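Novice: next come a sequence and a model predicted from it.
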Amino acid sequence: MPLLRALAPLLLAALAGAAAAQPPTAVELDNGLTVLVKEERRAGVAIASLWYHVGSGYEHRPLTGVSHALEHMMFQGTEEREGGAFSRLIAREGGWHNAFTSRDYTGYYEKLAAGRLELAFRLEAERMHRLALEQPAFEREMRVIREERRQRVADTPEARAFERFTAVSHMASPYRQPIIGWRQDLQRLRLEDLQRWYERWYAPANATLIVVGDVDTERIRELAERHFGEVPAGEPPPAPPGGEAAGPLGQRRVELQLDGARVPLLYVGYNVPSLGTAERPRDAYALLMAAQLLDGGRSARLAAELVRGAEVATSASAYYSQASRLDTLFTLVARPRAEAAGTGLDRLQAALGEQIERLRTEPVGEAELERAVTRLLARETYARDSLMGQARRLGELVTAGIGWQEAQRLEERIRAVTAADI
């Protein structure tokens with residue numbers, strides 16, 4: 001133990017150094033496009049990721065799933081290129097590309113040798129304002145999306161339960177909508193809906209280009225000006241308001257009996273602020289630390305006390321994401337032991353409640369808090385070892401309205417959390 005205590009400051013110092021890496025350089029083009037460049041020269045590759053500030057948290061019924069559907073269509077051709085040409089060009093250069101949709105953003109990225117990065121700029125600028133939305137491709141992609149929903153949600157009891165849990169947890173917030181869209185809405189979605197969504201949100205002034213890798217900032221500025229500078233700025237509307245109704249929402253409870261479910265599962269969620277909505281950043285970081293104390297490895301409280309100690313659960317986890325535009329959830333997920341069937345879920349919920357109450361009423365010890373800080377900083381450091389991990393961190397902060405600068409304050413914010421804050 002004395003040796004471990006002696007090594008802890010050294011480990012923290014190393015992690016702090018990694019967390020305080022060189023910040024990105026920000027450039028804004030005349031048409032409103034923001035470009036963030038993070039020079040990372042450990043390998044001769046680079047990531048170009050384009051983040052549009054729109055996702056399922058901007059949707060409303062019956063247009064749920066439109067952001068994700070448009071993501072699919074962004075690979076189906078432009079005014080200059082047929083469908084599939086984008087992928088063939090990237091593959092020919094030995095690169096990789098993909099896309100993702102979330103609540104606050106829709107993102108597209110390419111990973112290429114640093115000297116080939118201009119290809120990504122040319123292709124992304126082209127489909128930013130010259131996308132060809134055609135009915136045959138739309139019908140084909142909608143069949144793919146409906147099948148994706150069937151496999152990932154309808155045929156998976158855990159996913160069906162989580163979808164219902166999310167809808168009940170966010171009573172008024174657009175975060176209650178599934179990212180892939182409700183099944184009935186996908187049946188009604190039309191090509192014209194995607195066209196309007198594209199024209200409304202896909203514009204330089206509503207996008208951030210993030211480049212991480214073996215690049216030169218001035219060279220990236222030149223490429224951005226060359227390929228994106230002539231794209232019309234557009235005037236995307238402000239993000240729609242969201243969030244829950246004023247005041248406490250009260251407890252909501254849903255019990256589901258689902259075909260195919262063989263093992264009981266419990267979701268518990270608390271409506272909490274995100275870093276984008278908290279009155280004080282300290283509150284969001286206290287929630288982050290609380291999740292780490294509960295579920296930061298085998299020695300954390302849920303594993304040590306509920307799985308191995310009291311043996312009321314076969315698994316238990318806690319999750320909280322700070323980077324959200326609107327209020328979010330602090331979520332606990334657990335499975336009761338098989339021999340506790342019948343009353344297992346009630347016992348498990350009570351045990352989880354006791355853990356939360358303990359966080360509220362018993363100050364965390366110094367040694368336990370220090371371990372949690374070390375684990376959390378280590379996790380962030382490992383994430384930053386990936387180029388895409390660095391780009392994702394910046395993109396999530398920007399699209400949530402928090403600002404990329406918060407990434408540089410992470411280590412300071414984490415270390416400032418006290419037992420009283422938690």
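Specialist: Received the coordinates, thanks. Quick caveat: nothing in here was measured; it's all calculated off a predicted structure.

Novice: where are the low-confidence patches of the chain?
Specialist: 1-21, 246-247, 339-343 (pLDDT under 70).

Novice: Provide the secondary structure category for residue 107.
Specialist: Put simply, residue 107 is strand when judged by DSSP: H, G, I helix; E, B strand; the rest coil.

Novice: what's the burial count for it?
Specialist: Burial measure for residue 107: 23 neighbouring residues, criterion other CB atoms under 10 Å. The C-beta positions use only the backbone N, C-alpha and C, and glycine is treated the same way.

Novice: for it, list the residues it contacts.
Specialist: By CB atoms under 8 Å, 6 or more residues apart in numbering, residue 107 lies in contact with 49-52, 99-101, 395.

Novice: for my notes, confirm residue 268 occurs in a strand.
Specialist: Yes - using three-state DSSP, the assignment for residue 268 is a strand.

Novice: and stretch 275-285, how far from the chain's centre?
Specialist: Its chain's C-alpha centre and that of stretch 275-285 lie 17 Å apart, by CA atoms, centre = their mean, to the nearest Å.

Novice: what about that stretch, how long is it end to end?
Specialist: Its first and final residues considered, stretch 275-285 spans 8 Å by CA to CA, to the nearest Å.

Novice: same check on stretch 226-240?
Specialist: From its first residue to its last, stretch 226-240 covers 32 Å (CA to CA).

Novice: the contacts of residue 107 in helices, which ones?
Specialist: residue 395 (DSSP state H).

Novice: in strands, which of the contacts of residue 107 appear?
Specialist: 49-52, 99-101 (DSSP state E).

Novice: mind jotting down where the strands sit in this structure?
Specialist: Using DSSP E, the strands of the chain run over 25-28, 34-39, 45-52, 96-101, 106-113, 207-213, 266-272, 313-319, 328-336.

Novice: possible to save those strands as CSV with distance to residue 360?
Specialist: Formatted as CSV, the strands of the chain follow (distance: least, CB to CB, whole Å):
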stretch, distance to residue 360
strand 25-28, 40
strand 34-39, 39
strand 45-52, 37
strand 96-101, 36
strand 106-113, 37
strand 207-213, 38
strand 266-272, 11
strand 313-319, 14
strand 328-336, 12
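
Novice: the ones you listed: which one's closest to residue 291?
Specialist: Ranking the strands of the chain by proximity to residue 291 (CB to CB) places strand 313-319 first, at 4.5 Å.

Novice: quick check, distance from that closest one to the centre of its chain.
Specialist: 20 Å.

Novice: can you check stretch 375-395 too?
Specialist: Remark: stretch 375-395 is offset 13 Å from the chain centroid, using CA atoms, centre = their mean.

Novice: and what of stretch 206-222?
Specialist: With CA atoms, centre = their mean as the basis, the mean position of stretch 206-222 lies at 22 Å from the chain mean.

Novice: ok, residue 113 - contacts?
Specialist: 44-46, 93-95.

Novice: which one of those residues is nearest residue 72?
Specialist: Proximity of the contacts of residue 113 to residue 72 (CB to CB) peaks at residue 95, which lies at 20.0 Å.
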